[in-house]
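> show me the folded form of this:
(one chain, ligands or ions: 2)
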Amino acid sequence: MRVLFIVLLCWTAAAALAADDRPLVIAHRGASGYLPEHTLEAYALAVEQGADFIEPDVVRTKDGVLIARHENDLTETTDAAAKFPDRRTTKTIDGMKVEGWFSEDFTLAEIKTLRAKERVSFRNHGNDGKFQVATLAEILALRARLSAAKGRVIGVYPETKHPAYFRSINLPLEEPLLAALKDAGLDKAGAPVFLQSFEPDSLKRLAALTSLPRIQLLVAAGDATTDAGLAAIAAYAQGIGPAKTMIIPVDAQGRTGTPTDLVARARKAGLLVHPYTFRPEPGFLPVSYEGDPAREYCRFAGLKINGLFTDTPDLALKALRESCPISAK
Ligand code: G3P
Ligand code: CA
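Residues are numbered from 1 along each chain as shown. Ligands and ions are numbered 1, 2, ... in the order given. All right, here's what the predicted structure looks like:
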């Protein structure tokens, strides 16, 4: 009972900030800087590295199972093309014509014959062909196992991917997502869960069905980031997940500029702020940080963000614990 109380207490604190008063570290697609994204192995490594949350993007299979993929097109992150050459097709998804191999055209049994591969050309490809595509249920079971093994609350931060498209083909995401969370005992207020989407309608639908906190993802400044826009988001979500450049702009040469007032205004609207995506490689890290990802983490921590999505939870935690001045935490 005492353990349960402590766990609940820890989680309540974690809802805004991690226990040691730093931004929450959200393992973006698992520890995807090291292992093929969205695999059980990448999530387990993220937990080993100390991540507060693991982040599955979810899509559905032909037989309706929720699986973790960044998009329903499996081409870039699996060997679907080699294993099912005849399954290639062209679809219009969210107004874009896409040619490839799609989750909704495969049963789970077929998906399980695939193996994941690294998406980013300059990352380690030594694990290509080794790991399966994970179901959301498997990820939630892993989360429970590792939470117990590590004696700490590991959160899960699922994102509905292309929810309007999936609903249009009679494979809606929101209801089965909540059912999976319920099956895993994660449906109650206070459960270590954030739900996220780029599509407001998906979050509004979730808001009608659950009290689990919701985060509105944003790609660029616009109507949604005016004071009125933030107030509108606050009616159905508890926070925003903006692209990093919406907080610290970066010019075409990779130089960072003066921070915007987005964090301050979001806070004023009562919203948490969880920017994405922190990545250490020169192809991603703005040149102003001179190759040192810790400088980027500390700069954002100094702006009092509440959490951050990172491909490398180990680097995030090292920076936040060892490099950032106390005032930046
Ligand atoms: O969900 C936060 C961040 O992951 C959004 O970007 O495209 O990597 O899912 P994406
Ligand atoms: Ca995501």
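
> so who does the residue nearest to Lys62 when sequence neighbours are not counted touch?
Distances taken as CB to CB, 6 or more residues apart in numbering place Thr107 nearest to Lys62, at 5.2 Å, with adjacent residues excluded. All C-beta spots, glycine's among them, are computed from the backbone N, C-alpha and C. Thr107 makes contacts with Thr61, Lys62, Asp63, as judged by CB atoms under 8 Å, 6 or more residues apart in numbering.

> how close does Thr107 get to ligand 2?
25 Å (CB to the ion, to the nearest Å).

> what's the ChimeraX line that selects buried ones from the contacts of Thr107?
Per 16 or more other CB atoms under 10 Å, the buried members of the contacts of Thr107 correspond to this ChimeraX selection:
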select :61,62
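
> for Thr225, give me phi and psi.
Note on Thr225: backbone dihedrals following degrees, to the nearest 10 are phi -110, psi 10.

> what's the burial count for the residue nearest to it when sequence neighbours are not counted?
Closest residue to Thr225 in three dimensions, ignoring its sequence neighbours and counting by CB to CB, 6+ apart: Leu262, at 6.1 Å. Using other CB atoms under 10 Å, Leu262 has 21 neighbouring residues.

> I figured Leu262 hits Asp227, correct?
No - using CB atoms under 8 Å as the test, Leu262 is too far from Asp227 to be in contact (10.8 Å).

> and the residue in the stretch 151-300 of the chain positioned nearest to ligand 1, what are its bridge partners?
Proximity of the stretch 151-300 of the chain to ligand 1 (CB to the nearest ligand atom) peaks at Tyr276, 3.8 Å away. Listed by DSSP bridges, the beta-bridge partners for Tyr276 are Ala243.

> what ranges does the stretch 51-200 of the chain have for its helices?
With DSSP state H, counting those that start in this stretch as the criterion, the stretch 51-200 of the chain has helices at 80-83, 108-111, 136-150, 163-168, 174-183, 200-209.

> hmm, back to that, OK, contacts around the residue nearest to Thr225?
By CB under 8 Å, 6+ apart, the contact list for Leu262 reads Ala221, Thr225, Pro242, Met246, Ile247, Val273.

> can I get the residues you listed in TSV with distance to Cys324?
Shown next, in TSV, are the contacts of Leu262 (distance: CB to CB, whole Å):
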residue	distance to Cys324
Ala221	26
Thr225	26
Pro242	20
Met246	21
Ile247	16
Val273	17
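
> contact residues of the stretch 151-300 of the chain facing ligand 2?
By the rule CB under 5 Å from the ion, the part of the stretch 151-300 of the chain lying against ligand 2 is Glu159.

> and the residue of the stretch 151-300 of the chain found nearest ligand 2, what does it touch?
Using CB to the ion, the closest approach of the stretch 151-300 of the chain to ligand 2 is made by Glu159 at 4.1 Å. Residues near Glu159 by CB under 8 Å, 6+ apart: Glu55, Pro56, Asp57, Val58, Leu195, Gln196, Ser197, Leu217.

> among the residues you listed, which lie within strands?
Glu55, Asp57, Val58, Leu195, Gln196, Ser197, Leu217 (DSSP state E).

> show me what the residue positioned nearest the centre of the chain bridges to in the sheet.
In the chain, the residue lying closest to the centroid (CA atoms, centre = their mean) is Glu55, at 3.8 Å. Beta-bridge partners for Glu55, by DSSP bridges, are His28.

> please verify my assumption that it contacts Ala31.
No - applying CB under 8 Å as the test, Glu55 and Ala31 come out as separate, 10.6 Å apart.
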